[in-house]
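A.B. asks: Okay, sequence plus prediction incoming.
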Amino acid sequence: MDTVEQLAALVAESRNTTVALYGESGCGKGMLARAIHSVNNGRSSGRFVVVNCAAIPDNLLESELFGHKRGAFTGAESDRDGKFSVAKNGTIFLDEIGEISLSFQSKLLRVIEERTFEKVGSNKTEAVECRIIVATNRNLPEMVASGSFRDDLFHRINVFPLTVPPLRDRKDDLPLLCENILKDVCLQMGRPVIKLSASATQRLLNYHWPGNIRELRNCLERAIIISSGRVICLQHILLDSVEGEIEPVPCEGAVQYNLTISRDKLSLKSLDELIMSVTLERCNGNKTLAAKTLKIGRTAYYS
């Protein structure tokens, strides 16, 4: 990630170089694109315009990007600027570029090659006066090989490629990410800034984060809602498995507990409490599941 940030800082100094960001969904490609835009190189004073290519049907994408003239098609009741016009002197971020159709890829190729475009229904050529950043979680070389992505477009957008590693491969970033996310979410909710306990932080560090930063933000937002104080504790951390369900403790076979307790505190009661605590942690704070695993009543966790 240090290498990615260093390279991003270098390309940010260039006003017009096209940047291609690769990485899993939710790993922070949009955050990196915004960081590149924010560097004071003459572009940061303009707008950072985001276009989710996967969310816009092909028949609307051309108008969305390039704009249209009144009467160009049914429903075009007035002239409209497209995202390339709105992003003038700024940055346009084409997210999920791997999802656009082959037919539209040819139109986008011409725009990137010639740095010009025309609004739908217009013959007037306008200049592209913004930096272009694209992003995808798809393997574009494989798509090129299979014929679902144009080879010439790939080489046009792949001027300065950066691959953002998944969160599980850069756990050192997690504490700072948590701090920033907590500040942001608390501000949006109008609540005092809340902090993570040591046990909650450790639980987050132990998790594999299949949903990356997006999943981390969802997890912390849930924890803020659940917690009533100024600290997020272990029981407030509800983590999801890849399938979206709370990960259970194995129900069959041996369950290994590595327990350490000082001799002066050794007692049956303290061992019970420690086993309950460890089981609750393995159940991601789900008291119902932990009680079911230990074959005890759920009220035992509230006594």
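C.D. replies: Cool, got the structure.
A.B. asks: Where do the helices of the stretch 151-300 of the chain begin and end?
C.D. replies: 151-157, 174-189, 198-206, 212-226, 268-282, 287-294 (DSSP state H, counting those that start in this stretch).
A.B. asks: If we go by neighbour counts, what in the longest one is buried?
C.D. replies: Going by neighbour count (16 or more other CB atoms under 10 Å), the buried part of helix 174-189 is 174, 177-178, 181-182, 185-186. C-betas here are computed from N, CA, C, even on glycine.
A.B. asks: still on that earlier bit, can I get the helices of the stretch 151-300 of the chain in JSON lines including distance to Ala72 and mean pLDDT?
C.D. replies: JSON lines is the format used below for the helices of the stretch 151-300 of the chain (distance: least, CB to CB, whole Å; pLDDT from 0 to 100):
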{"stretch": "helix 151-157", "distance to Ala72": "25", "mean pLDDT": "97"}
{"stretch": "helix 174-189", "distance to Ala72": "39", "mean pLDDT": "94"}
{"stretch": "helix 198-206", "distance to Ala72": "51", "mean pLDDT": "88"}
{"stretch": "helix 212-226", "distance to Ala72": "37", "mean pLDDT": "94"}
{"stretch": "helix 268-282", "distance to Ala72": "60", "mean pLDDT": "80"}
{"stretch": "helix 287-294", "distance to Ala72": "57", "mean pLDDT": "81"}
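A.B. asks: residues touching Gly121, list them.
C.D. replies: By CB atoms under 8 Å, 6 or more residues apart in numbering, the contact list for Gly121 reads 68-73, 76.
A.B. asks: Arg131 and Leu187, how far apart?
C.D. replies: From Arg131 across to Leu187, the span is 29 Å (CB to CB, to the nearest Å).
A.B. asks: just Arg168 next, same as before
C.D. replies: 27 Å.
A.B. asks: What strand or helix carries Phe93?
C.D. replies: Under the criterion of DSSP states H and E, Phe93 resides in strand 91-95.
A.B. asks: Strands of the chain, start to end?
C.D. replies: 19-22, 48-52, 67-68, 80-81, 91-95, 116-118, 125-127, 131-136, 160-163, 195-196, 231-232 (DSSP state E).
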